[in-house]
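[1] Just a sequence and a predicted model for now, questions to come.
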Amino acid sequence: MSEGGTARPVRPRPRLRTFGITAGLLAFTGFAAREVEFAVSTFWEAWNNPLWEKFWPVPWDWVLDRSNVLDPLVETFQIAILATIVGCGLALPISFAMSRLTAPNRPTYLVSRSVMNVVRAVPDLFWAKLLVTAVGIGAFAGTWALSVFSLAVMVKLFSETVDNADPRPLEAARATGSRHLPAIRTGVLPTVLPEYVAYALYVFELNIRASIVLGLVGAGGIGRVLEAQRQFFRFDRVLGMLIIVFVVVFVIEQVSVAIRKRLV
Amino acid sequence: MTATHTPSTVSRPSPPSGVRRRRALLALALVIGGVWSVTGIDVTLERFLGAPGDAWDIFKRLWPPAMDEALDRGVVGKVFESVYIAWIGTIIGAVLSLPLAFLAATNVAPRWIRVPVRQLFNAIRAVPELIVAVIFIPITGLGPWAGTLAIGLHSVGTLGKWATEAIEGVDTGPLEAVEATGGRWVSGMRWGILPQIMPIVASFWLFRFEINVRASAVLGMIGAGGVGAELVSQLMFRNFSAVGAVLGITVLVVLTIDTMSAAVRRRIIAGVTRTGGPDDGDRNAEALADLTGFRR
Amino acid sequence: MIRFEDVSVTYRGGVQALRGLDLTIEDGEFIVIVGLSGAGKSTLLRALNGLVPATGGSITVDDAEVVGASAAELRALRSQIGMIFQTFNLVNRTSVLNNVLMGRLGTVPVWRSTLGLWPADDRERAMQALERVGIVEKAYVRASNLSGGQQQRVGIARALVQEPSVMLADEPVASLDPVTSRQVMGDLQRINRDLGITTIVNLHYLDLAQEFGSRLVGLRDGELVFDGDIADVDDDTFMEIYGRAISDDDLVGTEDDLT
């Protein structure tokens, strides 16, 4: 133990690589901060900004009028519901094509996987804007955009579940001489179905949130009204709408989370 | 089995009705929800069936992408502006969320502060970046700073929640040791907990950065800086080959960042979870510290 | 001098861990506390430095009252009392030196320790503490890269660097093998003799208690059932403390047992 004599070690110097990477990240951060016009002063300037007064008082008469907020909000949810049904419906077969376990052959696996990666790399509202240009302004474009987005998210989540499913039932089904699809139907689907439903509900929650902002790019729903009022500088109405929207979204999410918890 | 099947004395069970009923209910709910939604959105069958064709007409014209034009217009710079917005926004979110997370964790924070901070995280998470930006733009004016603030603020919600969960998962032994030496609460957090959570929290930050790159690209569409504005204006001019270029460059950058960030995160997680030998795990952690610069 | 007077501890769930305990410990003593798990050994140590609040009675350390002390008083008291843990309670992801320096958290200004700007003399103290437990060469190694015995020595160094007048050791060798256990107990004994630090050690193993202790305190169901010189202890005493005959599990054994 205290045989003594052991010399104190020299404090190790940080390695050159560590130093280089740290310096590089700091430099990048500094540069990026300049590029985004970083200004701490915003925080107190914002505090004294006279525009804040435009957010108050909330015109509840206008906000609670059915046609102003409630109807577009209902439209928003209809977009979210349809998109969830279409997106998650399409995701079921595509996920099986995308999973190593259940893909019918290697080309299908590779093609579906890379296409889906690219689809997911395009941000959701880019899809919305593209589809608004293609099929015209309104909820219809929003539904399509959100369907594509749901599909991309769903296949990512669900194909991983299928990857991790127990391969033995599938093997057993194949051993009875079953063809590919019936083998998946009986050997894999039952084990992953609860996860599928849970993910679908999760995607529905995402869609509810995403559908609110769709209108900002002309794809229908409550966002359209939000955008219009913003352009008229009616921030009091904007605030009122947001309050309503988030109360409703919060309630829907709580219900969905409760259902998901019971499922899994 | 014998050749003649003797009827069992046990009566055969009838199929359970619960599962079937629940499935039928679910299907019914889906159909009703779907039909109700279709009627709400003015879709005719004609329009519905025509949509893929219309979309295809547009998508076809994205190819070949007008790369030269895009480069001349500085699209690459715009994409990078989105990356900068995401980076600074993530840092703002990280810096604000980390101290708050200590106030939200069940095992280290008293109830009176924990509950409001948790609610704050939930409230922030509920508001999308775009909405935050809509509120910020009149204050800061159009431009990347509005987008950065929106991303930073929104990130506080998720990053705070994840960091809280990380704190709640730590070994509280070192914390007890700090208490036993007469250290203050802050010292317990700094020396008892922070070293334990830092790798996992750093990987959360990276993951959020990946998400934020996409989010900041979108923010440009309402004028909060970055590549989104470019997409909107080219679509307005119906200059589809330029749109193709914008999309192509964006996807390339997004995928590159995803891949790099995921690789770093994998090394971080490998360093934390692999605790087999006394040396192994930590060599990974060293590598991570090198890569991320989060050396302690 | 440490004085427990009619000390009781009742946990929130209603479990009574200590019942009316009276105990006086003179400066520089080396006391071993034995008892079954759940007998209140750990609670006794933690009541002494206030990690577990006593619900009745009075505990004084050099005339400072522990029961009902304010947060600041408790911190001041704890900075005078070193503690060693069964599970070492080191921060695995940081260096041995940083772990030892954590022992100075009670005295170094918060801003300095938070930024890691430890004063030079505190660093010197930490190095000396590591020298005393014989692992100074590991100062810049990550704590997780040490063996169990080495980790516990870091734990001892962390307590030593506080320059405490009292040292509490809660089952310090329960996670170690017999050989290392004896080495660590030897460290504690040597520190007690060299520096005159009052040392209170919780032990489960009776042979270790007899080997290293000078005064033995026996706890059973939160009550003091034995307090006397280790020389007076025989198997009957242990029967009384444990309420049953001694089994092999109660002995740490020797090196021979390992082979």
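    Received the coordinates, thanks.
[2] When you work out contacts or count neighbours from here on, use the C-alpha atoms and nothing else.
    OK.
[3] and the next element down the chain from the helix or strand B:Leu159 falls within?
    In the assignment (DSSP states H and E), B:Leu159 maps to helix B:144-168. Where DSSP H and E defines the elements, the next helix or strand beyond helix B:144-168 is helix B:173-180.
[4] Determine the set of other helices and strands touching that following helix.
    Helix B:173-180 sits against helix C:71-78, strand C:81-84, with contacts defined as 3 or more C-alpha pairs under 8 Å, 6 or more residues apart in numbering or on different chains; DSSP states H and E.
[5] mind listing what whichever residue of the stretch 51-200 of chain A sits closest to chain B touches?
    Across the stretch 51-200 of chain A, no residue is closer to chain B than A:Gln78, which sits at 4.4 Å (C-alpha to the nearest C-alpha). By C-alpha atoms under 8 Å, 6 or more residues apart in numbering or on different chains, A:Gln78 lies in contact with B:Trp36, B:Ser37, B:Val38, B:Gly40, B:Ile41.
[6] so which strand or helix has the first one?
    Put plainly, it is B:Trp36. Using DSSP H and E, B:Trp36 sits in helix B:17-40.
[7] Tell me the helices and strands packed up against that helix.
    Using 3+ C-alpha pairs under 8 Å, 6+ apart: helix B:17-40 touches helix A:71-98.
[8] and the direction of whichever helix or strand comes after the helix it packs on versus that of helix A:71-98, what angle?
    As assigned by DSSP H and E, the chain's next helix or strand after helix A:71-98 is helix A:106-121. Inter-element angle recorded for helix A:106-121 and helix A:71-98: 150 degrees (by axes from the mean of the first three to the mean of the last three C-alpha atoms, to 10 degrees).
[9] Quick one: mean pLDDT over the helix or strand following helix A:106-121.
    Remark: after helix A:106-121, the chain's next helix or strand is helix A:124-135, criterion DSSP H and E. The average pLDDT for helix A:124-135 rounds to 88.
[10] could you measure C:Ala69 against chain B, distance?
    13 Å (C-alpha to the nearest C-alpha, to the nearest Å).
[11] Helix, strand, or coil at that residue?
    coil (DSSP: H, G, I helix; E, B strand; the rest coil).
[12] Contacts only, for A:Ser211.
    A:Thr76, A:Phe77, A:Ile79, A:Ala80, A:Gly142, A:Leu146, A:Gly221, A:Gly223.
[13] and if we set it to 10 Å?
    A:73, A:75-81, A:83, A:125, A:139, A:142-143, A:145-146, A:205, A:219-223 (C-alpha atoms under 10 Å, 6 or more residues apart in numbering or on different chains).
[14] out of the residues you listed, which are buried?
    A:73, A:75-81, A:83, A:125, A:139, A:142-143, A:145-146, A:205, A:219-223 (16 or more other C-alpha atoms under 10 Å in any protein chain shown).
[15] The residue of the stretch 51-200 of chain A closest to chain B and A:Asp124, how far apart?
    18 Å (C-alpha to C-alpha, to the nearest Å).
[16] okay, stretch B:253-272 in CSV with CA atoms only?
    The C-alpha coordinates for stretch B:253-272 follow below in CSV (Å, rounded to 0.1, in the frame of the first residue of the first chain):
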residue,chain,number,x,y,z
VAL,B,253,-27.0,18.0,-46.7
VAL,B,254,-29.7,16.6,-44.4
LEU,B,255,-28.7,13.0,-45.1
THR,B,256,-25.0,13.8,-44.7
ILE,B,257,-25.6,15.5,-41.3
ASP,B,258,-27.8,12.6,-40.2
THR,B,259,-25.2,10.1,-41.1
MET,B,260,-22.3,11.9,-39.4
SER,B,261,-24.3,12.7,-36.3
ALA,B,262,-25.7,9.2,-36.0
ALA,B,263,-22.1,7.8,-36.2
VAL,B,264,-21.0,10.1,-33.4
ARG,B,265,-24.0,9.3,-31.3
ARG,B,266,-23.4,5.5,-31.7
ARG,B,267,-19.9,6.0,-30.4
ILE,B,268,-21.2,8.0,-27.4
ILE,B,269,-23.8,5.3,-26.5
ALA,B,270,-21.3,2.5,-27.0
GLY,B,271,-19.0,4.3,-24.5
VAL,B,272,-21.8,4.5,-22.0
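[17] hmm, it in reach of chain A?
    Yes: residues of stretch B:253-272 contacting chain A under C-alpha under 10 Å from any C-alpha of the partner chain: B:Val253, B:Val254, B:Leu255, B:Asp258.
[18] So what's the gap between the helix or strand of chain A with the lowest mean pLDDT and the chain middle?
    In chain A, no helix or strand scores lower on mean pLDDT, DSSP states H and E than helix A:41-48, which sits at a mean of 74. The chain centre lies 31 Å from the centre of helix A:41-48; the measure is C-alpha atoms, centre = their mean, to the nearest Å.
[19] Can you give the contact residues for the helix or strand just after that helix?
    Following helix A:41-48 in sequence order, the next helix or strand is helix A:60-64 (DSSP H and E). Identification of contacts with helix A:60-64 by C-alpha under 10 Å, 6+ apart yields A:Asn68, A:Val69, A:Leu70, A:Asp236, A:Arg237, A:Val238, A:Leu239, A:Gly240, A:Met241, A:Leu242, A:Ile243, A:Ile244.
[20] Which members of those residues are the farthest-apart pair?
    Pairwise distances across these (C-alpha to C-alpha) peak at 16.7 Å, for the pair A:Leu70 and A:Asp236.
[21] which of these two has more neighbours?
    Between A:Leu70 and A:Asp236, counting by other C-alpha atoms under 10 Å in any protein chain shown, A:Asp236 is the more crowded of the two (21 against 17).
[22] which helices and strands does the helix or strand where the more buried one lies pack with?
    Assessed by DSSP H and E, A:Asp236 sits inside helix A:235-263. Judged by 3 or more C-alpha pairs under 10 Å, 6 or more residues apart in numbering or on different chains; DSSP states H and E, the packing partners of helix A:235-263 are helix A:60-64, helix A:71-98, helix A:189-214, helix A:222-231, helix B:111-126, helix B:129-140.
[23] what's the angle from that helix to helix A:189-214?
    Using the same axes, to 10 degrees: helix A:235-263 against helix A:189-214 is 180 degrees.
[24] Buried residues of helix A:235-263, list them for me.
    Buried-residue list, helix A:235-263, by 16+ other C-alpha under 10 Å: A:235-242, A:244-246, A:249-250, A:253, A:256-257, A:260.
[25] and if you look at stretch B:24-37?
    Buried positions in stretch B:24-37, judged by neighbour count with 16+ other C-alpha under 10 Å: B:Gly34, B:Ser37.
[26] Can you classify A:Pro12 as helix, strand or coil?
    Relying on three-state DSSP, one would call A:Pro12 coil.
[27] And the pLDDT at it?
    84.
[28] Same question for B:Asn284.
    36.
[29] likewise C:Leu23?
    94.
[30] quick one, what contacts it?
    C:Ile2, C:Arg3, C:Phe4, C:Glu5, C:Asp6, C:Val7, C:Ile59, C:Val217, C:Leu224, C:Asp227.
[31] Can you report phi and psi for it?
    Per-residue torsions, C:Leu23: phi -160, psi 130 (degrees, to the nearest 10).
[32] again, but for B:Arg73
    Torsion angles, degrees, to the nearest 10, at B:Arg73: phi -80, psi 0.
[33] Tally up the residues packed near it, please.
    13.
[34] Quick check: it vs B:Val227, distance?
    The value you get for B:Arg73 to B:Val227, if C-alpha to C-alpha is used, is 11 Å.
[35] same question, C:Gly196
    Using C-alpha to C-alpha, C:Gly196 is found at 71 Å from B:Val227.
[36] So for those two, which sits in the more crowded spot?
    B:Val227 (29 against 16).
[37] Find the centremost residue of chain A, please.
    Nearest to the geometric centre of chain A sits A:Leu206, at 5.3 Å (C-alpha atoms, centre = their mean).
[38] wouldn't that residue be in contact with A:Ala80 here?
    Yes: between A:Leu206 and A:Ala80 there is a contact under C-alpha atoms under 10 Å: 8.7 Å.
[39] so what sits against both of the two?
    With C-alpha under 10 Å, 6+ apart as the test, A:Leu206 and A:Ala80 both reach A:Leu146, A:Ser150.
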